[in-house]
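**Q** Just need the structure, nothing else, for what follows:
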Amino acid sequence: MAEERRGAWFGFGFCGFGQALGSGRGRQVHSPEPLRAPGAGLDVCRVSASWSYTAFVTRGGGQVELSGFAVGAVGGCRDAWASEELLVVLRAGPGPGAGTELQAWAPGSALRGEPLWAQTVPEAEREDGPGGDETQAGPLPLLPCARAYVSPRPPFYQPLAPTLRARRLELGAEHALLLDAAGQVFSWGGGRHGQLGHGTLEAEPEPRLLQALQGLTMAEVAAGGWHSVCVSEAGDIYIWGWNESGQLALPTKSVAEDGKTTSEASGLNEDGSEVKRVAGGGDGAPTPFIAVQPFPALLDLPLGSDAVKASCGSRHTAVVTRTGELYTWGWGKYGQLGHKDTTSLDRPCRVKYFVDKQLQVRTVSCGPWNTYVYAVEKEKS
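**A** Next comes the predicted model:
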């Protein structure tokens, strides 16, 4: 069996608090750059980004390093999850058979002193997903037992019904998405932007099955600030919620006013590159703008590419294809789309950097206003 090729992390977007993001020059990075990790020689396997700081988890000893407004480091960690309210880490218990300890820290604590709270959690009785790839995002905020998750606001420990058999859980600004062991998707929380996908703008206090996706087996879920994405086992993308900045890849007024909108796949070259065109229907009528999509819509990537992974920022979306290409769209004010500019886009556009550098993207992890990517060199034919 061939040895796994060692890759590297790249970053782009907002770094106004000094986050280790590419070169770190200025307040923003507009094109992917190799990650300037805090601490020389760290082998980063996971990245969790909040607005003002980023948490990096390393292989081996499981070091967590913080970069940005929050700084500090701690060892013996399996995973970390960053939010503005809390930094959550999973650490090995104090002795053999002690299980895993969940710790919640104030981001500004520099991981010194005592955590805000700590709790021992049982080990997992599940698989983390196909392949066991160490570079994919960790299970937090879903706990290893898969029967509870951690919330950035009290009560911090949130139990889940055992019947849900959770495999992955994602939190948006006001809503939650859960993928179960059978590939079904549940959502709950605030729904005023259609982010729950139930066809209404109503809130849901408890996990509710997405009826529109029944019969389809999902492999990935991702929650943006107020939008949602899931990827099926067949590689199809379903997307719903708020489209204010084009994050659903549907026509939006704000992007059209910037003169950058292209709402159909025919507006792309065969290589997936951008073609400028005026927003409008085939009969000359204005293209209808979509502000809210309250139920899942099927999204086709250019060239019929199949998706395997997805991640969402506050108002942008990133997808990795089966062939290792990265597509991004939505809000681009800080360069978080990686297209060498600050343009917002309401359709998928391939990030050319990785194609030009002969790199295959393996995973993507979005912060609210930035994007982190893990890529490996393409095999030489």
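
**Q** residues touching the residue nearest to the spatial centre of the chain, list them.
**A** Centroid check for the chain by C-alpha atoms, centre = their mean gives S311 as the closest residue, at 2.6 Å. S311 sits next to 137, 222, 317-318, 364-366, 371 when contact means C-beta atoms under 8 Å, 6 or more residues apart in numbering. To be clear about C-beta, it is placed using only N, CA and C from the backbone, and glycine gets the same treatment.

**Q** Would you mind giving these as a markdown table with secondary structure added?
**A** What follows is the contacts of S311, written out as a markdown table (DSSP: H, G, I helix; E, B strand; the rest coil):
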| residue | secondary structure |
| --- | --- |
| A137 | coil |
| A222 | strand |
| T317 | strand |
| A318 | strand |
| V364 | strand |
| S365 | strand |
| C366 | strand |
| T371 | strand |
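
**Q** Next, the contact list for the nearest residue in space to E206 that is not next to it in sequence, please.
**A** Leaving aside its sequence neighbours, E206 sits nearest to W188 (C-beta to C-beta, 6 or more residues apart in numbering; 5.7 Å). Residues near W188 by C-beta under 8 Å, 6+ apart: 175-176, 196, 204-208.

**Q** Who wins on neighbours among those?
**A** Within these, L196 tops the neighbour count with 30 neighbours, counted by other C-beta atoms under 10 Å.

**Q** partners of the residue nearest to E206 in the sheet?
**A** A176 (DSSP bridges).

**Q** pLDDT value on it, please?
**A** pLDDT for W188: 98.

**Q** next one: the one 4 residues further on
**A** In this prediction, R192 carries a pLDDT score of 97.

**Q** For it, give its distance to W369.
**A** As judged by C-beta to C-beta, to the nearest Å, R192 and W369 stand 22 Å apart.

**Q** Contacts for stretch 160-180 next, please.
**A** Residues contacting stretch 160-180 (C-beta under 8 Å, 6+ apart): 126, 129, 139, 141-142, 146-149, 151-152, 181-182, 185-192, 195-196, 207, 218-228, 230, 312, 314.

**Q** With only the CA atoms kept, save it in PDB.
**A** In PDB, the C-alpha atoms belonging to stretch 160-180 read as follows (Å, rounded to 0.1, in the frame of the first residue of the first chain):
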ATOM      1  CA  LEU A 160     -29.000  14.400  22.500                       C
ATOM      2  CA  ALA A 161     -31.700  11.700  22.200                       C
ATOM      3  CA  PRO A 162     -30.000   8.300  21.900                       C
ATOM      4  CA  THR A 163     -32.300   7.500  19.000                       C
ATOM      5  CA  LEU A 164     -30.600  10.100  16.900                       C
ATOM      6  CA  ARG A 165     -27.300   8.000  16.600                       C
ATOM      7  CA  ALA A 166     -25.400  11.200  15.700                       C
ATOM      8  CA  ARG A 167     -22.400  11.000  13.400                       C
ATOM      9  CA  ARG A 168     -21.600  14.700  12.900                       C
ATOM     10  CA  LEU A 169     -23.000  17.900  14.300                       C
ATOM     11  CA  GLU A 170     -22.500  21.500  13.100                       C
ATOM     12  CA  LEU A 171     -23.500  24.800  14.700                       C
ATOM     13  CA  GLY A 172     -24.400  28.000  12.900                       C
ATOM     14  CA  ALA A 173     -25.100  31.300  14.500                       C
ATOM     15  CA  GLU A 174     -28.600  30.400  15.500                       C
ATOM     16  CA  HIS A 175     -29.100  26.800  14.300                       C
ATOM     17  CA  ALA A 176     -27.700  23.300  14.500                       C
ATOM     18  CA  LEU A 177     -27.400  20.500  11.900                       C
ATOM     19  CA  LEU A 178     -27.000  16.800  12.700                       C
ATOM     20  CA  LEU A 179     -26.000  13.900  10.400                       C
ATOM     21  CA  ASP A 180     -27.000  10.500  11.700                       C
END
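
**Q** And that stretch, what's buried?
**A** 160, 164-180 (16 or more other C-beta atoms under 10 Å).

**Q** Would you list the buried entries among the contacts of stretch 160-180?
**A** When those are checked for burial by 16+ other C-beta under 10 Å, the buried set is 126, 139, 141-142, 146-149, 151-152, 185-191, 195-196, 207, 218-228, 230, 312, 314.
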